[in-house]
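>>> Here is my input, please return the structure:
(one chain, ligands or ions: 3)
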Amino acid sequence: MKAHIVTLPGDGVGPEVTAATVAVLEAVAEHYDHGFRFSHHPIGGCAIDATGEPLPAATLDACRQADAVLLGAVGGPRWSDPEAKVRPEQGLLALRAALGVYANLRPLTVHPALAALSPLKNERLHEVDVVFVRELTGGAYFGAKTRSDETATDECRYTVAEVERVARRAFELARARRHHLTSVDKANVLETSRLWRSTVTRLSAEYPDVRLEHQLVDSMAMLLLTQPQRYDVVVTENLFGDILTDEAAALAGSLGLLPSASLGEGGRGLYEPIHGSAPDIAGQGVANPLGAILSAALLLRHSLGLDAEARAVESAVAQVLEHGPRSRDLGGQAGTAAVLDAVLVALADDAANHHAFFA
Ligand code: NAD
Ligand code: IPM
Ligand code: MN
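Numbering: from 1, shown residues only. Ligands and ions are numbered 1, 2, ... in the order given. Purely as a prediction, here's the structure:
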């Protein structure tokens, strides 16, 4: 049976990086003899314009029936009036909640060839290899909201069960890596963080082989820049994870490089680069597609069980980072299409070697 991949290109540079990523997945299908079926659906601002809804029912239905969902980005100045009644971002949040994808994995590595692009000294970036596990369907994003002329509130709420399931993912991941888990919270101030810390600590009894440490989020923001090599797996709540991972992207050289996988209980996942719709460069054909392409590698690995193919995509991206061409955010001149072409060439070479080896 053909794997069904739903794509949600969205707004701004979303359609540009998604089109490049579909081309990479099509090349993977061709080289490794798989059949992928794609269907494209609106979400975010473009869906508001077409239907009045940021997540039309037909889009959600398609996602529920898919093996995996690939999303570009949503939002933009056109829909960002703070008084607007409906917003593109609501569509993405509703989708994450409806698919139950509570664990958002955001891997960070620093390619040696890009170390000079980071604001940090080269030696601090050597062998940085962290996976952030961001809780994705709870916290202030999903609590009750109120607004009157004089006051606004966003309730931040977590249950033990919500903390347990994401922490379990993080412990399991740490177990498969370097056995070190850092849990980030604000337990000196927030009640939700105290519940978080107690729950994670209790769970750690089941993972005696994993070294657990707790870190307050404010000092973590500093340590991420001064000692990034210290970290293996980092688990944190929704809003802290959002902020820390954009900060972490600066270590990699560009926000345009970081992928993500959002996973729940089943095999179906939601895959998206961590960057947004980049309104300042949208429509110019210059967006870096590599964060989206690396998200497709995570899709191959986590939803389709195609680890060798995932590694082939990652290695093709690594070769492009090493030899170029590079997009503007990485100090180069290349547009999205030229970067894509280079990835496709590297992928074809890799596949030819693979087939020669197994022939
Ligand atoms: P952004 O990530 O869109 O852009 C921040 C900066 O990074 C910009 O200078 C942009 O040009 C650059 N950048 C981002 N992606 C890039 C890429 N692939 N290649 C090259 N440069 C890239 O963040 P923002 O400006 O704060 O937000 C813009 C809009 O995107 C907002 O409406 C926000 O809600 C939305 N957003 C959506 C998602 C998502 O859909 N998952 C994520 C983040 C932000
Ligand atoms: C992200 C984005 C989203 C978030 C927005 C667009 C709702 O910033 O995926 O990191 O805050 O989760
Ligand atoms: Mn974000």
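>>> Name the nearest residue to the spatially most central residue of the chain, sequence neighbours excluded.
A centroid search over the chain (C-alpha atoms, centre = their mean) returns residue 260, at 1.9 Å, as the residue closest to the centre. Residue nearest to residue 260 in three dimensions, not counting chain neighbours: residue 106, with 4.8 Å by C-beta to C-beta, 6 or more residues apart in numbering. No exception for glycine: its C-beta is placed from N, CA and C like everyone else's.
>>> mind checking how far the residue of the chain found nearest ligand 2 is from residue 103?
Closest to ligand 2 within the chain is residue 89: 3.9 Å, counting by C-beta to the nearest ligand atom. For residue 89, the distance to residue 103 equals 20 Å [C-beta to C-beta, to the nearest Å].
>>> Now for the residue lying closest to residue 142 once chain neighbours are set aside, how many residues are close by?
The spatial neighbour of residue 142 that comes closest, neighbours along the chain excluded (C-beta to C-beta, 6+ apart), is residue 97 at 6.7 Å. With neighbours defined by other C-beta atoms under 10 Å, the count for residue 97 comes to 16.
>>> Also residue 275?
Applying the criterion other C-beta under 10 Å, we find 26 residues in the vicinity of residue 275.
>>> would you say it is within a strand?
No. If the criterion is DSSP: H, G, I helix; E, B strand; the rest coil, then residue 275 is coil and not within a strand.
>>> roughly how far apart are the residue nearest to it when sequence neighbours are not counted and ligand 1?
Nearest residue to residue 275 in three dimensions, chain neighbours excluded: residue 255, at 4.5 Å (C-beta to C-beta, 6+ apart). When C-beta to the nearest ligand atom, to the nearest Å is the yardstick, residue 255 and ligand 1 sit 4 Å from each other.
>>> Same check on residue 295?
Between residue 295 and ligand 1 the distance, using C-beta to the nearest ligand atom, works out to 10 Å.
>>> again with residue 287
Between residue 287 and ligand 1 the distance is 4 Å, computed by C-beta to the nearest ligand atom.
>>> Okay, and that residue sits in which element?
Taking DSSP states H and E as the criterion, residue 287 maps to no regular element, lying outside all helices and strands.
>>> Please work out how many residues are found near it.
Counted by other C-beta under 10 Å, the residues lying close to residue 287 total 31.
>>> The nearest residue to it once chain neighbours are set aside: how many residues sit nearby?
In space, residue 287 comes closest to residue 13 once its chain neighbours are excluded; the distance is 3.8 Å by C-beta to C-beta, 6+ apart. Using other C-beta under 10 Å, residue 13 has 31 neighbouring residues.
>>> ditto for the one 10 residues further on
By the other C-beta under 10 Å criterion, the neighbourhood of residue 23 contains 18 residues.
>>> My guess is it contacts residue 340. True?
Yes. Look at residue 23 against residue 340 with C-beta atoms under 8 Å: they come within range, at 6.0 Å.
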